[in-house]
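Asker: Sequence and predicted structure below; questions after.
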Amino acid sequence: MQYIGTILSDVFKVTQLYSVHYFEFEKNYTFEGERHDFWEFVYVDKGEVGVVAGDRRLILKHGQMICHKPGEFHNILGTGTVAANIVIVSFECGSGYMDFFNDSIIQIGDTEKKLLSLILKEAKEAFSSRLDIVHLQKLEKRDGQAFGCEQLIKGYLEQLLIRLVRDKGGDKEKGRLSKTNKEMLWDNLTGKIIGYLTANRFKNITLSDVCWYCGLGKSNLQVIFKESTGFSVMEYFRYLKIEEAKIMIRETEETFTQIAFRLGYESIHYFSRYFKKATGMTPSEYALSVKINT
């Protein structure tokens, strides 16, 4: 019996990567703008920013993405009220399907967010260049990079393009399986826990407090939350506090002692220790790095 192979087609083929960035901008950030001959995605991970795209002036909010086509003048400006965390990926792709992204603002979903997260993760493995440098002209490859990380970046980026066209365009996925009752229950419970932690990020709460709120034992609660988020409950709570601290450093004139007190830390010493553990920098170093990088 003779077997005949089937050639698989590519709807998107990314041929070059120019940049992968994760920026934490101050609320009054300004940039002179630029144009180049390749595509660029801008995604708002937190907050909001002003965006210039050709002759359009837009406000891009949390969860939204815009794609700048080759040759289009574009710019990012702080709104003056809210700091923003931004993901930028620029690349070369000659597919005609890229026209789908012209003049579009897209609200992305969990699958697309996960793919962006994976792109950032593999970029840190693949390149020694810092991902928070604005005027980075070339990504420098890391010596001894993780096996296959460059191909994974390409694959995740191509998956992202396909998912965006499928979910936001005319080609809707057919036969998609709905989530199981267990998955929906866990999602709802995880969302409830995150909401409780977020609402209490300025307080000191314990795992017992969260268990009481949700009506679950510690073991079950930890298993469900870890499975859904990859964090333990209290790890996530500490993460929320540090993220809030970073926003306060960038948006307010409060001292580090005042910020530590507002977030419920026993002392500036404990606050600084947890902040450095989470970010790799002291609060003072973080404040300076934001100003330098912007």
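Answerer: Everything's here; your move.
Asker: Where does pLDDT dip in the chain?
Answerer: 168-187, 290-294 (pLDDT under 70).
Asker: Return the set of buried residues in stretch 72-86.
Answerer: Within stretch 72-86, the residues scored as buried using 16 or more other C-beta atoms under 10 Å are 72, 74-79, 82-86. C-betas here are computed from N, CA, C, even on glycine.
Asker: from the residues you listed, which is closest to residue 159?
Answerer: For these, the residue nearest residue 159 by C-beta to C-beta is residue 86; the value is 21.1 Å.
Asker: nearest residue to that closest one other than its sequence neighbours?
Answerer: In this structure, residue 86 finds its nearest non-sequential neighbour in residue 23, 4.6 Å apart by C-beta to C-beta, 6 or more residues apart in numbering.
Asker: which residue packs closest to residue 109, ignoring adjacent ones?
Answerer: Nearest residue to residue 109 in three dimensions, chain neighbours excluded: residue 167, at 6.5 Å (C-beta to C-beta, 6+ apart).
Asker: Do I have it right that residue 193 meets residue 222?
Answerer: No: counting by C-beta atoms under 8 Å, residue 193 does not reach residue 222; the two are 10.5 Å apart.
Asker: Need the overlap of contacts for those two.
Answerer: residue 233 (C-beta atoms under 8 Å, 6 or more residues apart in numbering).
Asker: More neighbours: which of the two?
Answerer: When residue 193 and residue 222 are compared for neighbours, residue 193 comes out ahead with 23 against 17, by other C-beta atoms under 10 Å.
Asker: what about the strands in the stretch 51-200 of the chain?
Answerer: Assigned by DSSP state E, counting those that start in this stretch, the stretch 51-200 of the chain shows strands spanning 56-61, 64-68, 74-78, 84-93, 105-107.
Asker: What residues sit buried inside the longest one?
Answerer: Using 16+ other C-beta under 10 Å as the burial criterion, the residues of strand 84-93 that qualify are 84-91, 93.
Asker: Out of those residues, the closest to residue 285 would be?
Answerer: Taking C-beta to C-beta as the measure, residue 285 sits nearest to residue 85 out of the buried residues of strand 84-93, at 18.1 Å.
Asker: Quick check: the closest one vs residue 22, distance?
Answerer: 7 Å (C-beta to C-beta, to the nearest Å).
Asker: Next, show the common contact partners of these two.
Answerer: Common contact partners of residue 85 and residue 22 (C-beta under 8 Å, 6+ apart): residue 45.
Asker: related to what we said a few turns ago, checking the residue nearest to residue 86 next. Helix, strand or coil?
Answerer: Three-state call for residue 23 (DSSP: H, G, I helix; E, B strand; the rest coil): strand.
Asker: when you give positions from now on, start the count at 32
Answerer: From this message on, residue numbering opens at 32, which makes the last subject residue 54.
Asker: right, and it touches residue 165 too?
Answerer: Yes: at 7.4 Å, residue 54 and residue 165 qualify as touching, with contact defined as C-beta under 8 Å.
Asker: Which of those two has more residues huddled nearby?
Answerer: In this view residue 54 and residue 165 are compared by other C-beta under 10 Å, and residue 54 has more residues nearby, 22 against 15.
Asker: so how far is the first residue of stretch 255-264 from its last?
Answerer: Stretch 255-264 has an end-to-end distance of 10 Å (C-alpha to C-alpha, to the nearest Å).
Asker: Pull out the buried positions in that stretch.
Answerer: By neighbour count on 16+ other C-beta under 10 Å, the buried set for stretch 255-264 is 255-256, 259, 264.
Asker: Using JSON lines, lay out those together with distance to residue 132 and secondary structure.
Answerer: Output for the buried residues of stretch 255-264, formatted as JSON lines (distance: C-beta to C-beta, whole Å; DSSP: H, G, I helix; E, B strand; the rest coil):
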{"residue": "255", "distance to residue 132": "37", "secondary structure": "helix"}
{"residue": "256", "distance to residue 132": "35", "secondary structure": "helix"}
{"residue": "259", "distance to residue 132": "31", "secondary structure": "helix"}
{"residue": "264", "distance to residue 132": "38", "secondary structure": "helix"}
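Asker: out of these, which one sits closest to residue 155?
Answerer: Nearest to residue 155 among these is residue 259, at 23.5 Å by C-beta to C-beta.
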